[in-house]
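Participant: Okay, here's the prediction I keep looking at, along with the sequence it came from:
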Amino acid sequence: MTAQPQPEYLTGDVAAINAFIDRFDVFLLDCDGVIWSGDHVFEGVVETLELLRSRGKRTVFVTNNSTKSRSDYVKKFAAMGIPSDVEDIFGSAYSSAIYISRILKLPPHQNKVFVIGEAGIESELKSENVPFIGGTDPSFRRDMTPEDWAGIADGSLLDPEVGCVLTGLDFHINYLKLSHAYQYLRRGAKFLATNVDSTFPTHNSFFPGAGSIGMPLVNSTGQKPVSLGKPSQAMMDAIEGKFHLDRERTCMIGDRLDTDIQFGIQGKLGGTLAVLTGVSHREDWEAKNAAAVPKFYVDKLSDLLKAA
Ligand SMILES: O=C(O)[C@H](O)[C@H](O)COP(=O)(O)O
Ligand SMILES: [Mg+2]
């Protein structure tokens with residue numbers, strides 16, 4: 001197997017950074033591991049976004065994190081001193097909601113979604129008028145009872161209008177939710193995921209990701225979900241349609257090879273930039289079986305400030 005061309009290292013190279021910025025009109029920016037870690041915004045990120053915008057560049061935030069809706073993210077950005085607009089944000093919860101409402105088009109008698117995930121998914125489904133159950137409903141945040149075993153087994157506790165199961169990052173996952181979802185899938189419901197990231201970078205550490213939350217259903221049903229987050233090209237096509245992207249003049253910036261960088265490469269974007277403040281490290285793309293190799297990399301996003 002021929003070695004993949006290794007990325008250009010930009011950190012500290014003012015001329016290369018300027019050439020990099022001038023080469024693109026639109027920057028698609030990942031969030032967890034690039035902009036912030038949990039509620040902590042990385043140093044210099046606010047100024048870096050200001051620099052890109054001052055040079056007439058469009059900044060679009062593309063996150064796989066489905067726990068928040070686009071309007072939640074506008075609030076999170078504002079709290080960090082980053083002006084943004086709902087129109088600048090494309091999350092996997094939104095990507096999933098528009099896929100279900102505009103592409104999947106569930107039959108009217110089975111148009112409900114059983115959600116495994118947080119409020120972000122529910123808000124985006126509501127914005128697309130897609131009915132759902134499960135999710136943050138407190139009646140699902142408890143242990144199984146004898147009635148649950150019996151009612152799930154004979155179907156009397158299941159909602160016949162559920163036609164789809166959607167899994168995302170869920171900080172309240174439990175056996176009751178998994179059992180309902182499993183039975184809906186056994187009965188033929190469509191299996192979707194907002195994203196399948198194995199880990200979640202936050203609090204300067206790592207936690208189980210959305211993909212690890214949905215894995216018990218993959219294992220128990222033998223089915224794989226259709227994933228609507230990065231690197232899904234359904235998401236890229238939706239972004240291209242919305243922002244009228246010139247792919248050659250667009251660069252994806254991310255911290256994860258098998259989501260962000262693959263997303264940019266499969267999307268045939270003009271460039272991909274990896275940052276080393278999140279999941280992936282140099283060894284990951286230098287490895288023979290690398291999931292993807294970025295075109296450029298920096299230690300951290302704010303290294304682009306050297307261009308100023
Ligand atoms: O488990 C997850 O959902 C992901 O780790 C998280 O959402 C990643 O978000 P992103 O880096 O795409 O902003
Ligand atoms: Mg990330």
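Facilitator: Sure, I can see it. Ligands and ions are numbered 1, 2, ... in the order given.

Participant: can you give me how far stretch 180-196 is from the chain middle?
Facilitator: Relative to the chain's own centre, stretch 180-196 is displaced by 19 Å; criterion: Cα atoms, centre = their mean, to the nearest Å.

Participant: What residues does the stretch 201-308 of the chain have near ligand 2?
Facilitator: Residues of the stretch 201-308 of the chain found near ligand 2, taking Cβ under 5 Å from the ion as the criterion, are 255, 278. Just so you know, the C-beta spots here come from the backbone N, C-alpha and C atoms, and that holds for glycine as well.

Participant: Show me the shaky parts of the stretch 201-308 of the chain.
Facilitator: Within the stretch 201-308 of the chain, the set of residues satisfying pLDDT under 70 comprises 308.

Participant: Find the closest residue to ligand 1 in it.
Facilitator: Gly209 (2.9 Å; Cβ to the nearest ligand atom).

Participant: Quick one: residues contacting that residue.
Facilitator: 169, 195-200 (Cβ atoms under 8 Å, 6 or more residues apart in numbering).

Participant: One more pass at 10 Å, please.
Facilitator: Counting by Cβ atoms under 10 Å, 6 or more residues apart in numbering, Gly209 touches 32, 64-65, 169, 195-201, 215, 256, 259, 279.

Participant: gap between the spatially closest residue to it that is not a sequence neighbour and Gly267?
Facilitator: In space, and not counting its chain neighbours, Gly209 is closest to Asp197: 3.8 Å by Cβ to Cβ, 6 or more residues apart in numbering. From Asp197 across to Gly267, the span is 18 Å (Cβ to Cβ, to the nearest Å).

Participant: Note down every partner strand of the helix or strand where Ala274 lies and its orientation.
Facilitator: For Ala274, the host element (DSSP states H and E) is strand 271-275. With DSSP bridges as the test, strand 271-275 is paired with strand 250-254 (parallel), strand 296-298 (parallel).

Participant: In PDB, list the C-alpha atoms belonging to whichever helix or strand comes after that strand.
Facilitator: The helix or strand immediately downstream of strand 271-275 is helix 282-286, counting by DSSP H and E. Extracted in PDB, the C-alpha atoms of helix 282-286 (Å, rounded to 0.1, in the frame of the first residue of the first chain):
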ATOM      1  CA  ARG A 282       0.000  12.700  14.600                       C
ATOM      2  CA  GLU A 283       0.700   9.000  15.200                       C
ATOM      3  CA  ASP A 284      -2.900   8.300  14.200                       C
ATOM      4  CA  TRP A 285      -2.500   9.600  10.700                       C
ATOM      5  CA  GLU A 286       1.100   8.400  10.300                       C
END
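
Participant: Go through helix 282-286 and flag the buried ones.
Facilitator: Neighbour-count burial for helix 282-286 flags 284-285 (criterion: 16 or more other Cβ atoms under 10 Å).

Participant: cool, stretch 151-167 as well?
Facilitator: In stretch 151-167, counting by 16+ other Cβ under 10 Å, buried: 152, 158, 162-167.

Participant: Kindly report the same for stretch 174-185.
Facilitator: Residues 176-185 are the ones in stretch 174-185 that count as buried (16+ other Cβ under 10 Å).

Participant: Ok, stretch 17-27 next?
Facilitator: Those would be 17-18, 20-21, 24-27, for stretch 17-27 by 16+ other Cβ under 10 Å.

Participant: what about Asp246, distance to Leu269?
Facilitator: Distance from Asp246 to Leu269, by Cβ to Cβ: 10 Å.

Participant: Quick check: neighbours shared by the two?
Facilitator: Residues within reach of Asp246 and of Leu269 at once, by Cβ under 10 Å, 6+ apart, are 24, 26, 240.

Participant: Looking at the residues you listed, spot the one nearest ligand 2.
Facilitator: Proximity of the shared contacts of Asp246 and Leu269 to ligand 2 (Cβ to the ion) peaks at Val26, which lies at 18.3 Å.

Participant: Thank you kindly, that will do.
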